[in-house]
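> Here is my input; please provide its structure:
(2 chains)
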Amino acid sequence: MKILVTVKRIPDPVEPPKFAGGQIDTSSAKWVQNEFDEYAIETALRLAEVGGGTERLAEVVVVSVCPATKREHVTNFLAMGANRAIVVDADDTQLDAQSVAQLIAAVFRKEGADLLVSGKLSQDNESNEVSQRVAGLLDLPQATFAASVVWDRSANALQVAREVEDGVETKRVPLPAVLSVDLRIVLPTSVKNGATPEGHPYPDKPRLASLRGITMAKTKKVDVLKPADLGVSVGAKVVSRGVVAPPKRQAGKIVASVEELVEKLATEAKVL
Amino acid sequence: MSNVLVVVEIGDGKLRAHSLPGITAGAQLAAALGGELHLLVLGAAPQAAAEGIAAAGYGAKTVHVGAHAELEPFTAEAWADAIVAAARSLGVAAIGGTATSTLRDALPRAAAVLDAPLAPEVTAIKGPRVFGREVSAGRAIAEIALEGDVVCFTARASEFAPAQPGAAATVAALAGISAAKRGATVLSIEKTQSARPALTEAKVVVSGGRGMREGANFKVLEELTDLLGGALGASRAATDAGMVPADLQVGQTGKVVAPNLYFAVAISGAIQHLAGMKNSKVIVAINKNGEEPIFQIADYGLVAKWEDTLPRLVELVRARKG
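Sure, this is the predicted structure:
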């Protein structure tokens, strides 16, 4: 079993975006891993490991499309416990979702992977499309926005609870497949592989890298590939025409009492 | 061709209300492109539903019917097949619809097969193949232009008015649709039972946050919600803590709402929550800590504990509603 996990680098979402020349100015940005991809690596590790033991049921390979020299986010995922990494050396800021999906699909094929796990969206572009595109390009089944996943190893399939418009859908997909994860995938009992004991004390968030993990990460294998090595010619059919700050919403008034609030809502805002 | 195809969803044999804003976006795009609006209805046997939709028209020229046993229940795999087949046989310039979990799942898959770009969760149609959308948790608005013979879009429901009935449209069957689930099966769909309007369609939304402490405390919010005929919402902190179901979450990673009136009760106003509600017309914040960021965007702020104020608020609203 081989699990591929994607990670995207994004400008630190805690910092408000800066604007210059009609675009978002990332020249002084601190780049960090996308939070939803942290959920993805946590999902992959919980599928692969036997909680409390050292046995592994699957190899976890991290893949990122980014400049080869700017891959701290990849190292972080190796420190969390991934076995090795593949970096597709390209200027990710100049690629659209289809190009990124083509690169990831090519890596998936090259590796003969069984499962792709991705965060459902990146916090910068919020486009929520790359994993679905990869599934389409590979002609594989997909389970998106997963809130929980059970790996049925005897049937070589995943059973996934997905958050949909007005409730929860349970979908079963045979492997190989593509999985995109939502935030509730990291709750303590959301990922089951049939080998980790029930009640294993998983935290309710992605794990922190241990000191040993951080040391080990430096010794783990990182393959660097060019898009051309994968036979993909990249580009972008999505062109930015400019990015601006939204109109600022004015802070309103502080009212002194419930009575005043109801009065204002009725006579001033006219919404009651 | 310069026509626009909007994929709509049906339930209980009728058009689902959440598809209406996507039709409006499609009509605006068709006008920008100088083409016609067409609708696509998919299902195992959607003919009757399609005829009902065509009778109301919604500004469309034709309602296309894609019938195939594999299209029900919904799977992205089978729907993407049908969308690709429809796009190719109709030769449209754009395909889209409301950004629901259905199209978010299926449309990017279809776009990949068509080698088409996608503008997700657009908030405005700016021109032919030019769209406005929010990025970075609503802290920036991007304008993007898509290139290619066919482009895709999903429209944020809160930013487009529901399409209105108009002159009747014609109905046409799409021949030779193939659709396959790639081995996937839908085992169950557990719908959240609620007599209230859908969060994304409600005129009033009452949301509670971490400060509500436990699910039972949402009862007073539900009373206010029902008096106002609104929908109940929650912050991520409240849904993560299991106080209320996850599908009530308002925010960047939950539902995006823009009601006439939004109550944020015991919600601090994290960026990801603001991204889901800051376009509401009137925002009321009730929080015991006056320093919380929610007060920076609220039209009316009340610095007080919910325990001390909500029962009285319910009482006053009830008196007013008579």
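
> any idea which element A:E198 lies in?
Here A:E198 sits in a region with no helix or strand, counting by DSSP states H and E.

> what's the burial count for it?
7 (other C-beta atoms under 10 Å in any protein chain shown). The C-beta positions use only the backbone N, C-alpha and C, and glycine is treated the same way.

> From A:A44, how far out is it?
20 Å (C-beta to C-beta, to the nearest Å).

> Same check on A:A68?
From A:A68 across to A:A44, the span is 23 Å (C-beta to C-beta).

> In chain A, where's the longest strand?
The longest strand of chain A (DSSP state E) is strand A:142-152.

> same question for that strand, mean pLDDT?
Averaging pLDDT along strand A:142-152 gives 97.

> and the helix or strand just after it with strand A:142-152, angle?
As assigned by DSSP H and E, the chain's next helix or strand after strand A:142-152 is strand A:157-164. In terms of direction (axes from the mean of the first three to the mean of the last three C-alpha atoms, to 10 degrees), strand A:157-164 departs from strand A:142-152 by 130 degrees.

> Run me through the strand neighbours of the helix or strand following strand A:157-164, direction for each.
Sequence order places strand A:167-174 as the next helix or strand after strand A:157-164, per DSSP H and E. Here strand A:167-174 has these sheet partners by DSSP bridges: strand A:157-164 (antiparallel), strand B:185-191 (antiparallel).

> Check the average confidence over the strand ranked longest in chain B, would you?
Longest strand of chain B, by residue count under DSSP E: strand B:118-127. Averaged across strand B:118-127, pLDDT comes to 98.

> Going along the chain, name the strands of the stretch 1-150 of chain B.
Here the stretch 1-150 of chain B has its strands, by DSSP state E, counting those that start in this stretch, at B:4-8, B:10-11, B:14-15, B:37-43, B:62-67, B:94-98, B:118-127, B:130-135, B:140-146.

> which helices and strands sit right next to the second one?
Read that as strand B:10-11. Strand B:10-11 is packed against no helix or strand, with contacts defined by 3 or more C-beta pairs under 8 Å, 6 or more residues apart in numbering or on different chains; DSSP states H and E.

> Please repeat the previous calculation with a cut-off of 10 Å.
Counting contacts by 3 or more C-beta pairs under 10 Å, 6 or more residues apart in numbering or on different chains; DSSP states H and E, strand B:10-11 packs against strand B:37-43, helix B:47-56.

> got the contact list for it?
By C-beta atoms under 10 Å, 6 or more residues apart in numbering or on different chains, the residues outside strand B:10-11 that reach it are A:166, B:16-19, B:41-43, B:46, B:48-50, B:52-53, B:72.

> Direction included, what does that strand pair against?
strand B:14-15 (antiparallel).

> contact partners of the partner strand?
B:8-9, B:23, B:39, B:41, B:48-50, B:52-53, B:56, B:58, B:63, B:163.

> Quick check: the residue of the stretch 201-322 of chain B nearest chain A.
Nearest residue of the stretch 201-322 of chain B to chain A (C-beta to the nearest C-beta) works out as B:D299 at 3.7 Å.

> Phi, psi for that residue please.
Taking degrees, to the nearest 10, you get phi -80, psi -40 for the backbone angles of B:D299.

> ok, and the closest non-adjacent residue to it?
Distance criterion C-beta to C-beta, 6 or more residues apart in numbering or on different chains; nearest residue to B:D299, sequence neighbours excluded, is A:G252 at 3.7 Å.

> Quick check: which ranges of chain B have low pLDDT?
Counting by pLDDT under 70, chain B contains no low-confidence range.

> Chain B: helices as residue ranges?
B:20-33, B:47-56, B:76-90, B:101-114, B:219-227, B:236-240, B:271-277, B:306-321 (DSSP state H).

> Pull out the buried residues from stretch B:214-229.
In terms of neighbour count (16 or more other C-beta atoms under 10 Å in any protein chain shown), stretch B:214-229 has its buried residues at B:217-218, B:220-225, B:227-228.

> what's the span of it from first residue to last?
One end of stretch B:214-229 sits 23 Å from the other (C-alpha to C-alpha, to the nearest Å).

> That stretch and chain A in contact?
Yes. Applying C-beta under 10 Å from any C-beta of the partner chain, one finds stretch B:214-229 in contact with chain A at B:227-228.

> mind checking how far that stretch is from the chain centre?
Mean C-alpha position of stretch B:214-229 versus that of the full chain (C-alpha atoms, centre = their mean, to the nearest Å) differs by 23 Å.

> Touching, A:A177 and A:Q159? I think so.
No. Applying C-beta atoms under 10 Å as the test, A:A177 and A:Q159 come out as separate, 11.3 Å apart.

> list residues touching both of those two?
Contacts common to A:A177 and A:Q159, judged by C-beta under 10 Å, 6+ apart, are A:A143.

> and those two? which has more neighbours close in?
Higher neighbour count among A:A177 and A:Q159: A:A177, with 24 against 18, using other C-beta under 10 Å.

> quick one, phi/psi of the more buried one?
phi -160, psi 170.

> how far away is it from A:L4?
With distances taken as C-beta to C-beta, A:A177 is found 11 Å from A:L4.

> Mutual contacts of those two, please.
Shared contacts of A:A177 and A:L4, counting by C-beta under 10 Å, 6+ apart, come down to A:114-117.

> Among those residues, which ones are in strands?
A:115-117.

> ok, and which of those residues reach chain B?
With C-beta under 10 Å from any C-beta as the criterion, these include none near chain B.

> Which of the contacts of strand B:10-11 has the largest number of neighbours?
B:L42 (29 neighbours).

> That one is in contact with B:V63, isn't it?
No. Counting by C-beta under 10 Å, B:L42 does not reach B:V63; the two are 11.4 Å apart.

> Common neighbours of these two, please.
Shared contacts of B:L42 and B:V63, counting by C-beta under 10 Å, 6+ apart, come down to B:8, B:50.

> The residue of the stretch 201-322 of chain B closest to chain A is in contact with B:I283, isn't it?
Yes. Counting by C-beta under 10 Å, B:D299 touches B:I283, with 5.3 Å between them.

> hey, what's in contact with both of these two?
By C-beta under 10 Å, 6+ apart, B:D299 and B:I283 have these common neighbours: A:249, A:252, B:261-262.

> Out of the residues you listed, give me the two with the largest separation.
Farthest-apart pair in the shared contacts of B:D299 and B:I283 is A:R249 and B:L261; separation 15.0 Å (C-beta to C-beta).

> re the thing from before, compile the shared contacts of A:A177 and A:L4 into CSV and extend it with columns for neighbour count and distance to A:G53.
Shown next, in CSV, are the shared contacts of A:A177 and A:L4 (neighbours: other C-beta atoms under 10 Å in any protein chain shown; distance: C-beta to C-beta, whole Å):
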residue, neighbour count, distance to A:G53
A:D114, 16, 21
A:L115, 26, 21
A:L116, 28, 26
A:V117, 27, 21
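
> Including pLDDT, could those go into JSON lines?
JSON lines is the format used below for these (pLDDT from 0 to 100):
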{"residue": "A:D114", "pLDDT": "98"}
{"residue": "A:L115", "pLDDT": "98"}
{"residue": "A:L116", "pLDDT": "98"}
{"residue": "A:V117", "pLDDT": "98"}
